[in-house]
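1. Have a look at this fold, sequence not included:
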Ligand code: TRP
């Protein structure tokens, strides 16, 4: 495909909604509350917000820069911008990360389909908090149902991918994101008016600084990268479809703010209910799935609420799986000169294999662990906490050291037609603060900083 014929997003609002659709997904509504719950509550939230501003925003702008400048997929972008060098490893890391993320993300996405069916059939009604926990456990550790739903979800993603960029991604995002937002707000209102709701709000917003450990910081950084879809070139691929008049700075800011807002709303929706129904905040990946049915029980026409909610959650997950699939498909398609359709098949089948193993790791493969983590957890850990932050670090190092400032500024200001008041601040953060902070967080987690201190 030549540069000229490359598809672009149709409208300004389409750009923002599609990118928000990519960023907002299970990461905000499933993973964020579970991370907050497992990492001590408000202290995690605080570090998370700092990571979003210090690391997330600069990396996002930088990915947008690379994508629109090169107009290529994640791996191809570096071949265009830095031909003959090794920098394209950033793109390969990204393609691999997309693949691995899909390998566990599709499992959770499949769960949302099961809950849609349960809401519809009325089997979520009339149960206690303990029942919901037991039911989830029985379902997720099974074989046929969770795997069936996961396959269904991958098939859905596959279909949209082969139907083309514009019609698929853009149309889907335009309708769903606003509706999801309103439903979240309504559920937050129900949740904070439950008995003992304040305890949940305290857990979410009143930080206990003693809870900040190196692993909490690493988890918060991982969550920031995961939630914003950065560090692996996903947004490089998206920005390659942006038009030349798209304002990269404001788009990055809007996407970041919306994504963070949705995550915080998800927290407000979950934690008051967690405390009100005496569920353990540390429950892990099932937290959202065992908490929310209790909230729906408290609403008139609860089954309808839960049905609509899980449909929207599935769609939010879909716009994210599309983005991940797109990274891998665009790479195979453009670099191996294979048809888009054929490329998509390769990706889908590979993902399917990973997803089946991930799903089984909640049941019959539970005992098979890698460094003490189940296959599902290992994929999550490897991508969110290692590959994405390292990818982000190298993206910054690449642009910070190899790209002429003039070119960077030219692209970010659309050839000086729009201002970039904080360009120097951005460039400083991108070049120094972000990569150094990521490095320190890693060294800290590995215990190397403590070790050095011990030597002094
Ligand atoms: N950010 C998405 C979510 O929150 C998941 C996702 C989509 C993603 N594309 C990504 C994560 C690229 C990391 C990299 O659900």
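-> Structure's in. What do you need? On a predicted model such as this, the values are computed, not experimentally measured, just so you know. Numbering: from 1, shown residues only.

2. what residue ranges in this structure score low on pLDDT?
-> For the chain, residues meeting the criterion pLDDT under 70 lie at 1-8, 10, 164-173.

3. At the contact with the ligand, which residues of it appear?
-> 22-23, 25-28, 101, 226-227, 229, 232, 234, 320, 323-324, 388 (Cβ under 6 Å from any ligand atom). C-beta here means a position set from N, CA and C on the backbone, and glycine is covered the same way.

4. Pull the most distant pair out of these.
-> 28 and 232 (17.5 Å; Cβ to Cβ).

5. Comparing those two, which residue is more hemmed in?
-> Legend: neighbour count by other Cβ atoms under 10 Å for residue 28 and residue 232, higher for residue 232 (32 against 29).

6. quick one: the more buried one and residue 73 touch, right?
-> No. Between residue 232 and residue 73 there is no contact under Cβ atoms under 8 Å: 11.6 Å.

7. Now do the shared contacts for the two.
-> Here residue 232 and residue 73 share the contacting residues residue 327, scored by Cβ atoms under 8 Å, 6 or more residues apart in numbering.

8. can you pull the buried residues of stretch 88-108?
-> For stretch 88-108, the buried set under the neighbour-count rule, 16 or more other Cβ atoms under 10 Å, comprises 88, 90-91, 93-108.

9. whoops, stretch 132-147 was the one
-> 132, 133, 135, 136, 139, 140, 142, 145, 146, 147.

10. Endpoint to endpoint, that stretch covers what distance?
-> For stretch 132-147, the first-to-last residue distance is 20 Å (Cα to Cα, to the nearest Å).

11. Excluding sequence neighbours, find me the nearest residue to the residue in the chain that the ligand sits nearest to.
-> Relative to the ligand, the nearest point of the chain is residue 27 (2.1 Å; Cβ to the nearest ligand atom). In space, and not counting its chain neighbours, residue 27 is closest to residue 227: 4.3 Å by Cβ to Cβ, 6 or more residues apart in numbering.

12. for residue 402, same thing?
-> Closest to residue 402 by Cβ to Cβ, 6+ apart is residue 82, at 6.1 Å.

13. Next one: the one you found relative to residue 70, how far apart?
-> Look at residue 82 and residue 70: by Cβ to Cβ, to the nearest Å, they are 10 Å apart.

14. ok, the two, which is more surrounded?
-> residue 70 (20 against 16).

15. ok, that one - contacts?
-> 76, 77, 78, 80, 81, 236, 240.

16. for the fifth one, what are its contacts?
-> The neighbourhood of residue 81, defined by Cβ under 8 Å, 6+ apart, consists of 66, 69, 70, 87, 403.

17. who's in contact with the first one?
-> I take that to be residue 66. Per Cβ under 8 Å, 6+ apart, neighbours of residue 66: 77, 78, 81, 233, 236, 239, 395, 399.

18. Is the fifth one located within a strand, as I assumed?
-> The reference is to residue 236. No. Under DSSP: H, G, I helix; E, B strand; the rest coil, residue 236 falls outside any strand and is assigned helix.

19. Report the secondary structure state of the nearest residue to it once chain neighbours are set aside.
-> In this structure, residue 236 finds its nearest non-sequential neighbour in residue 67, 3.9 Å apart by Cβ to Cβ, 6+ apart. Assigned with three-state DSSP, residue 67 falls in the helix class.

20. Residue 67: neighbour count?
-> Count around residue 67 with other Cβ under 10 Å applied: 24.

21. measure it to residue 196 for me?
-> Taking Cβ to Cβ, one finds residue 67 at 47 Å from residue 196.

22. same question, residue 184
-> 21 Å.

23. Comparing the two, which shows the higher neighbour count?
-> Between residue 184 and residue 196, residue 184 has the larger neighbour count (other Cβ under 10 Å), namely 21 against 12.

24. check contacts around the more buried one.
-> 29, 262, 265, 266, 269.

25. Which of those fall in strands?
-> Secondary structure from DSSP state E places none of the contacts of residue 184 in strands.

26. quick one: the strands in the stretch 101-250 of the chain?
-> Taking DSSP state E, counting those that start in this stretch, the stretch 101-250 of the chain contains no strands at all.

27. Chain neighbours aside, what residue packs nearest to residue 270?
-> Residue 270's closest residue in space is residue 33 (Cβ to Cβ, 6+ apart), at 4.2 Å.

28. Going toward the C-terminus from whatever helix or strand the one you found lives in, what's the next helix or strand?
-> In the assignment (DSSP states H and E), residue 33 maps to helix 32-38. Going down the chain from helix 32-38, the next helix or strand is helix 42-51, by DSSP H and E.

29. who touches that following helix?
-> Under Cβ under 8 Å, 6+ apart, the answer for helix 42-51 is 35-36, 202-209, 211-212, 216-217, 219-221, 223-224, 260, 263-264, 267.

30. just the buried members of these?
-> Buried among these by 16+ other Cβ under 10 Å: 35-36, 203-204, 207, 212, 216-217, 219-221, 223-224, 260, 263-264, 267.

31. Which ones among those map onto helices?
-> If you go by DSSP state H, the buried ones among the contacts of helix 42-51 have 35-36, 203-204, 216-217, 219-221, 223-224, 260, 263-264, 267 in helices.

32. Would you point out the most distant pair within those?
-> Going by Cβ to Cβ, the pair spanning these furthest: 203 and 221, at 21.1 Å.

33. what's in contact with stretch 370-378?
-> 104, 107, 285, 357-362, 365-366, 368-369, 381.

34. ok, those residues vs residue 123, which is closest?
-> residue 362 (19.9 Å).

35. ok, the residue lying closest to that closest one once chain neighbours are set aside - contacts?
-> Among residues not flanking residue 362 along the chain, residue 140 sits closest, at 4.5 Å (Cβ to Cβ, 6+ apart). Counting by Cβ under 8 Å, 6+ apart, residue 140 makes contact with 111, 146, 286, 362, 363.
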